[in-house]
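S.K.: Structure of the sequence below:
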Amino acid sequence: MRLAVIILTKNEEHNIEGAVKSASFADEVVVLDSGSTDRTQEIAERLGVRFVVHLMGEDGFAGQRNAALDETDADWVFYLDADERITDEAAKEMMRCVKANEWFAYRIKRMNILFGQVMRHGSHAPDYVMRLFPRTMVRWKGVVHESAITELPVRALKGVLCHYTYTDWDRYFVKFNQYTTLMAKKMEEGGKRASFLDILLHPSFAFFQSYILNLGFLDGKQGFIFALNHFFYTMIKYVKLYYATTRMREDRKGC
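M.R.: Next up is the predicted model:
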């Protein structure tokens, strides 16, 4: 049984080497790139991976994950984001699962690390993500925050992923803009509309949920900062949806 680790990239020159090296236990590493303009390709190819350029279409991240399945003939696949690292314990456990070849989908615990601090509460608390599958038994859906579709029963791995979510503010705000745009588009395409009241209420609840209900205050200053950022993320998402809704109304009216 062969295992391929699949990594999606775009302008990940600062992350790709660490991700590939953490996946070096696998039989193959496939990097599917959606049009990097930095040194991502140069670094990845120097490390001996299979590098494929596949521009992102309207089906977003799910389309990229599905396209990657056609780039390997390995029996099993594990999806790794460029800012994630596979721990040694998780690597050994995965190889045991692949060798056993029992058809399950496997989820793994992901520890989110923001600017050097492991977040244990709030909107960045540890989460479980489904990532390990027999290659022919998974498809993905969702333009953003995509999810795996499989008929297999799900088991949990004991090892963890280290997720270096944000390490500098420039990249944080690049992702902030990208994801709020994609989420607003997803809501619009789903028939959702936003009023000015939505811009006021949803962000306030997002902050309350992250900081109070999900105990973000236990993460200290970092917990407050990212609960507040979650407020602004939610607000901008609804602002973009609100203006998309307003634009449609104005287009109907004319000048």
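
S.K.: got a list of what R139 touches?
M.R.: The contact partners of R139, by C-beta atoms under 8 Å, 6 or more residues apart in numbering, come to N66, A148, I149, T150. All C-beta spots, glycine's among them, are computed from the backbone N, C-alpha and C.

S.K.: From L161, how far out is the nearest residue to the second one once chain neighbours are set aside?
M.R.: Nearest residue to A148, sequence neighbours excluded (C-beta to C-beta, 6 or more residues apart in numbering): M130, at 4.7 Å. In this view, M130 and L161 are 12 Å apart by C-beta to C-beta, to the nearest Å.

S.K.: In terms of neighbours, single out the busier of the two.
M.R.: Using other C-beta atoms under 10 Å, the more surrounded residue of M130 and L161 is L161, with 23 against 18.

S.K.: okay but that one is in contact with R85, surely?
M.R.: Yes - counting by C-beta atoms under 8 Å, L161 touches R85, with 6.9 Å between them.

S.K.: so how far is the strand ranked longest in the chain from its chain's centroid?
M.R.: Counting by DSSP state E, the longest strand found in the chain is strand 154-166. In this view, strand 154-166 has its centroid 12 Å away from the chain centroid, taken as C-alpha atoms, centre = their mean, to the nearest Å.

S.K.: Mind listing residues that contact it?
M.R.: So strand 154-166 is contacted by 15, 80-81, 83-87, 89-94, 97, 104-115, 124, 126, 128-132, 172, 175 (C-beta under 8 Å, 6+ apart).

S.K.: Check which residues of stretch 113-122 are buried.
M.R.: By neighbour count on 16 or more other C-beta atoms under 10 Å, the buried set for stretch 113-122 is I113, L114, M119, H121, G122.

S.K.: Could you work out the end-to-end span of it for me?
M.R.: End-to-end distance for stretch 113-122: 13 Å, by C-alpha to C-alpha, to the nearest Å.

S.K.: what about the strands in this structure?
M.R.: Applying DSSP E to the chain gives strands spanning 3-9, 28-33, 50-53, 76-81, 84-86, 105-114, 117-118, 127-134, 139-141, 147-149, 154-166.

S.K.: Paired strands for the first one, with orientation please.
M.R.: When pairs are called by DSSP bridges, strand 3-9 turns out to pair with strand 28-33 (parallel), strand 76-81 (parallel).

S.K.: out of those strands, which comes closest to L197?
M.R.: Of all the strands paired with strand 3-9, it is strand 76-81 that lies closest to L197, at 35.2 Å by C-beta to C-beta.

S.K.: quick one: the closest one to strand 127-134, angle?
M.R.: Angle of strand 76-81 versus strand 127-134, following axes from the mean of the first three to the mean of the last three C-alpha atoms, to 10 degrees, is 150 degrees.

S.K.: Quick check: mean pLDDT of strand 76-81?
M.R.: Per-residue pLDDT over strand 76-81 has a mean of 98.

S.K.: and that strand, how far out from the chain's middle?
M.R.: 12 Å.

S.K.: Over to stretch 165-180?
M.R.: Centre-to-centre, stretch 165-180 and its host chain are 12 Å apart (C-alpha atoms, centre = their mean).

S.K.: For that stretch, output the C-alpha coordinates as CSV.
M.R.: Extracted in CSV, the C-alpha atoms of stretch 165-180 (Å, rounded to 0.1, in the frame of the first residue of the first chain):
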residue,chain,number,x,y,z
THR,A,165,-2.0,29.4,11.3
TYR,A,166,-0.4,32.9,11.4
THR,A,167,3.2,34.0,11.8
ASP,A,168,3.1,37.5,10.3
TRP,A,169,0.4,40.1,10.0
ASP,A,170,0.8,40.8,6.3
ARG,A,171,-0.2,37.2,5.5
TYR,A,172,-2.9,37.3,8.1
PHE,A,173,-4.6,40.2,6.3
VAL,A,174,-4.1,38.7,2.9
LYS,A,175,-6.0,35.6,4.1
PHE,A,176,-8.5,37.8,5.9
ASN,A,177,-9.4,39.5,2.7
GLN,A,178,-9.4,36.3,0.6
TYR,A,179,-11.6,34.3,3.0
THR,A,180,-14.1,37.1,3.7
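
S.K.: Having no further points to raise, I will conclude here.
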